[in-house]
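Enquirer: I'd like to go over a predicted model; first the sequence, then the structure.
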Amino acid sequence: LTLDYGATITPPTPPEKPGYTFAGWDGEIPATMPDEDLTFTGSYTQNMKGLTLTATGNGVLVFGNDTVRNATRNFDVAELSAVALTVKADAGYHIESLTLNGEDAMTQIIDGIFTIASMTEATGIAVTFAVNRHTATFSIPSEEWQQVLTLDYGATITPPTPPEKPGYTFAGWDGEIPAT
């Protein structure tokens, strides 16, 4: 700006900078132009958005160097920045649900990575891990007998008592039955 001595100083409107807020001019701007040249420098502060991560069950959410396990943690993230989270279930568990601001986002997990392209608002991500369930089938085909056990990963496998057959002693199950 070029102003005459004594003219009212009206600072210019700073340009918009996406993801930032104008913080102001350095120094105090006088109301009127003095009899000397003045220089003022403007600055911006980066806008931050809240990111809340919640992990429930046996698994983790990893954000940068931070790991969230069975907890809720809050982070400040630069507005418009991308966010990548590693979503990893422990052995014997799987991702049961993942929500972004309360909405289902399971299909957005690609190869264990969940990405937000640009942080434009406060964001909540919640993941729930659940135990894998498997079946153990015990059968005696000659007797048309079968029993199916549905067990959680890590649960103790207790073989069922087979039916009695008069004149016979049960010889046992084929193969080794693991403890869990």
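Expert: That came in fine, so what should we check first? Residues are numbered from 1 along each chain as shown.
Enquirer: For the rest of this, base every contact and every neighbour count on C-alpha atoms.
Expert: Fine.
Enquirer: so who does T135 touch?
Expert: V148, L149, T150, L151 (C-alpha atoms under 8 Å, 6 or more residues apart in numbering).
Enquirer: May I see the PyMOL selection of the buried members of these?
Expert: Provided next is the PyMOL selection string for whichever of these are buried by 16 or more other C-alpha atoms under 10 Å:
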select buried, resi 151
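Enquirer: any idea which of the contacts of T135 is closest to F40?
Expert: Nearest to F40 out of these is L151 (C-alpha to C-alpha; 71.2 Å).
Enquirer: quick one: that closest one and V131 touch, right?
Expert: No - contact criterion C-alpha atoms under 8 Å: L151 and V131 do not qualify, at 9.8 Å.
Enquirer: before we move on, back to that, the contacts of T135 in strands, which ones?
Expert: The strands, defined by DSSP state E, take in V148, L149, T150, L151 from the contacts of T135.
Enquirer: could the residues you listed go into TSV alongside pLDDT and distance to D37?
Expert: Formatted as TSV, the ones in strands among the contacts of T135 follow (pLDDT from 0 to 100; distance: C-alpha to C-alpha, whole Å):
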residue	pLDDT	distance to D37
V148	95	89
L149	95	87
T150	96	83
L151	96	81
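Enquirer: Return the member of those nearest to S97.
Expert: Looking across the ones in strands among the contacts of T135 and measuring by C-alpha to C-alpha, the closest to S97 is L151, at 20.8 Å.
Enquirer: sorry, back to before: which pair in the contacts of T135 has the greatest spatial separation?
Expert: For the contacts of T135, the maximum inter-member distance is 9.6 Å, found between V148 and L151 (C-alpha to C-alpha).
Enquirer: intersection of neighbour lists for those two?
Expert: Counting by C-alpha under 8 Å, 6+ apart, the common neighbours of V148 and L151 are T135, A136.
Enquirer: per-residue pLDDT, the residue nearest to M48 when sequence neighbours are not counted?
Expert: The shortest distance from M48 to any non-neighbouring residue, by C-alpha to C-alpha, 6 or more residues apart in numbering, is to A78 (4.5 Å). Per-residue confidence (pLDDT) for A78: 93.
Enquirer: Please give me every residue in contact with A78.
Expert: Residues counted as contacts of A78 (C-alpha under 8 Å, 6+ apart) are G19, Q46, N47, M48, K49, M119.
Enquirer: tell me the strands in the chain, going along the chain?
Expert: Taking DSSP E to define them, one finds strands in the chain at 20-25, 42-46, 48-56, 59-63, 66-68, 71-78, 83-89, 93-100, 103-104, 109-110, 113-116, 123-131, 133-140, 145-152.
Enquirer: Tell me which of these is the most buried.
Expert: By mean neighbour count, with neighbours taken as mean count of other C-alpha atoms under 10 Å, strand 59-63 ranks first of those at a mean of 21.
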